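Enquirer: From the sequence below, what's the structure:
(chains A and B)
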Amino acid sequence: MTVHHSPISSPPQRGASESGSTILLLDQLRKSYHVGTTELQVLRGIDLAVESGEHIAIMGPSGSGKSTLLNILGCLDRPTQGRYILGGDDVSQLEDDELSLIRGARIGFIFQSFNLIEQLNIVENIEVPMYYQGWHERESIERAKELAAMVGLGHRIKHHPSELSGGERQRVAIARALSNDPLILLADEPTGNLDSENGAAILKLLLSLHDQGKTLIVVTHDLSVAKRAEKIVHILDGRVKEITVN
Amino acid sequence: MSVSLFRLKRTFTLGLKSLWMHRLRSTLTTLGIVFGVSSVIAMLAIGEGASKHAREQIERLGSRNIIIKSVAPPEDPENTSTGQGMRQYGLTYADAERFRNSVAEVEVIVPVRRLTQRAWYRTRKITAEVIGTVPWYPEMAPIHLEMGRFLSGTDASYRQAVCVVDTGVVEELFRFDDALNQDIKVAGDFYRIVGIVSSQNANAAAASVNADTPAPQDRGGANAGRIYIPLTTAKDRFGEISVQFGGGSGPNVEKVELQEIVVKVARDESVLPMKEILETLLKRFHAKTDYQIVVPLELLREAERTKMIFNIVLGSIAAISLLVGGIGIMNIMLATVSERTREIGIRRALGARKKDIITQFLSETLLLTLAGGVLGILLGLAIPLLVTRFGHMPTVIKSGSLILAFGISAGVGLTFGIYPAYRAANMDPIESLRHE
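Expert: Numbering: from 1, shown residues only, chains lettered A, B, ... in the order given. Down below sits the predicted model:
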């Protein structure tokens, strides 16, 4: 298992260079929980392939297994059965520490509630994933500043999350998600906590990242957000019900 | 290596930052450790000071000496009713002779006669302790001769009216005059000063040893100094009878030949067997227990035992206070961990391994306890200084106790930090991300 260390200057546009190759593959993925003596099957055999540079949306009603799928995709959880191939490695049965490193290196999380660390300023927040990948401080600070500038917050790098608007916070979160140059950006209702104007701006930022070659997986209830993706994966009762191409 | 060091530095910086965010809480949390550590240092310093003081005093009595003192036996009811009778008790010249003749392994035997007398020089007057003794007295007691000589064999055989005084006497009687070869008057007779010795504080030790049995002649504290005269001269001039006025029942007449016999043995190991032998000898010739045997070596060992017990007690108190401090820290850290559940979830989602989380929280606890340790050491250094300054008690701060205290605070940090850090690391990242 090699841990991916990004060079600071000119991160490779992996998405662009490897466009068309399968970056993420789910093969008969199952997840079940034991509640007392009964076994609760949440995911009942999901097959999904995501190409590099693709933009897909995952939709599904509450209780469809959408969140569980998201957790497994984000390497926060492991499937009970089936394989999950991420960037060529089977990550479905990794140990906790290995999974943590993979998560930090290959996944860029964007949450509905931003999930910034309150006591850290913008640069420090953006640095967190790089810190856990073992970047040198000087380099990670430099990259964090570049990313802050890229999302339009270059002038506010010393500010703390509490001093920012919702839209700005989500920009910081996006910058943070990009810091280790992940294989996929995994966005969970990225506009869910924003007003329509800010939501639109964030969506625009995500789309521009996709245009630059980023692989984007957006989990959403919002059809207008989902419509912007190339494919919509509909999840129902722990299975892929259908995949629609926009 | 350099990377991990640098990460450690960042971890500690981060820890400092979050502790600084909760300044009041952090300060209050460290107080337990501060007081724990400072009490360890202060108590050890005070204990060490006290025991060193006692040890020095006992050592001045001589570790190879056995001191036998005359002690007034408990009064017989019949005797008191007759009232006027002369009481005779205590050590005799015969005792000294017997010690000399019947006991091997003895290095020196020093008989001592002690009296409290007025001493005059011209118009100045003091009360001094007159010690009638033998020329080899300095062999058993460390006496530092400042000028002249000590009593000689000739002085003893010819019962010369000579004396050796200590600096206490010189200061009081002569002030700025030259004392050597001057004559002082003690109880009506003149004595030529042939030597001056340093004044000794051993008196205090002797007094404390004897505190429970004050002999009439022994009024240590009130005396300005000591005047040593030949024992033979003392026997001639003062006799063995002392008369004391005072109390309701007329004059108190006592006959005591020797106040003290000091037996010095050749080796430390012979001290205790020798004590047994002397005791047996004394028992055979003394109907009543009119003597007391003081063994400085025994006192020394007792002082060491006492110190050990003292240290154990202090150690337990300190350990308990550090335990309480540690539990306080653990409590706060558990609260911190649950308060920061969300942050832990975020960090885990962004690639933090369990051990990264453990390091983060453990380093915060360590910082807290080490800060407490440093403050505790400073306070612990200040307390003995104040005690010495205002309480006039000797204190000794050993570097070992500082290292111990620092080590303990680090140990407390590690011990009580592990569980909260472990709890933090083992939170389910998914659950903690959902935590509000």
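Enquirer: only C-alpha atoms for contact and neighbour calcs from this point on.
Expert: OK.
Enquirer: quick one: the strands in chain B?
Expert: B:65-70, B:87-88, B:106-121, B:124-133, B:145-148, B:162-166, B:183-186, B:189-197, B:226-230, B:241-244, B:252-255, B:260-265, B:291-294 (DSSP state E).
Enquirer: mind checking how far stretch B:297-314 is from the chain centre?
Expert: 10 Å (CA atoms, centre = their mean, to the nearest Å).
Enquirer: Ok, stretch A:78-98 next?
Expert: With CA atoms, centre = their mean, you get 16 Å for stretch A:78-98.
Enquirer: any idea how far A:His160 is from the residue nearest to B:Leu19 when sequence neighbours are not counted?
Expert: Among residues not flanking B:Leu19 along the chain, B:Ser26 sits closest, at 6.0 Å (CA to CA, 6 or more residues apart in numbering or on different chains). Here B:Ser26 is placed at a distance of 22 Å from A:His160 (CA to CA, to the nearest Å).
Enquirer: Next: B:Ala425.
Expert: Taken as CA to CA, the span from B:Ala425 to A:His160 is 25 Å.
Enquirer: Those two: who's more crowded?
Expert: With neighbours defined as other CA atoms under 10 Å in any protein chain shown, B:Ala425 and A:His160 compare such that B:Ala425 has more, 25 against 19.
Enquirer: Residue of chain A nearest chain B, please.
Expert: Nearest residue of chain A to chain B: A:Gly104, at 3.7 Å (CA to the nearest CA).
Enquirer: show me where pLDDT drops low in the stretch 101-250 of chain B?
Expert: For the stretch 101-250 of chain B, the stretches flagged by pLDDT under 70 are B:200-222, B:244-250.
Enquirer: could you point out the longest helix in the chain?
Expert: Since you didn't name a chain, this refers to chain A. In chain A, with assignment by DSSP state H, the single longest helix is helix A:196-211.
Enquirer: let's do chain B instead
Expert: helix B:296-339.
Enquirer: other SSEs contacting it?
Expert: With contacts taken as 3 or more CA pairs under 8 Å, 6 or more residues apart in numbering or on different chains; DSSP states H and E, helix B:296-339 sits against helix B:23-61, strand B:65-70, helix B:354-391, helix B:399-425.
Enquirer: Nearest to B:Arg301, out of the ones you listed?
Expert: Proximity to B:Arg301 (CA to CA) singles out helix B:23-61 among those, at 9.4 Å.
Enquirer: just checking, what packs against that closest one?
Expert: helix B:202-209, helix B:296-339, helix B:354-391, helix B:399-425.
Enquirer: of all these, which lies closest to A:Ile110?
Expert: helix B:354-391 (21.2 Å).
Enquirer: roughly how far apart are A:Val233 and A:Ala57?
Expert: 6 Å.
Enquirer: show me the contacts for the residue of chain B found nearest chain A.
Expert: Closest approach between chain B and chain A, counting by CA to the nearest CA: B:Gly351, at 3.7 Å. By CA atoms under 8 Å, 6 or more residues apart in numbering or on different chains, B:Gly351 lies in contact with A:Ser100, A:Leu101, A:Ile102, A:Arg103, A:Gly104, A:Ala105, A:Pro129, A:Tyr132, A:Gln133.
Enquirer: ok, of the helices and strands packed on helix B:23-61, where does mean pLDDT dip lowest?
Expert: If you rank the helices and strands packed on helix B:23-61 by mean pLDDT, helix B:202-209 sits at the bottom with a mean of 42.
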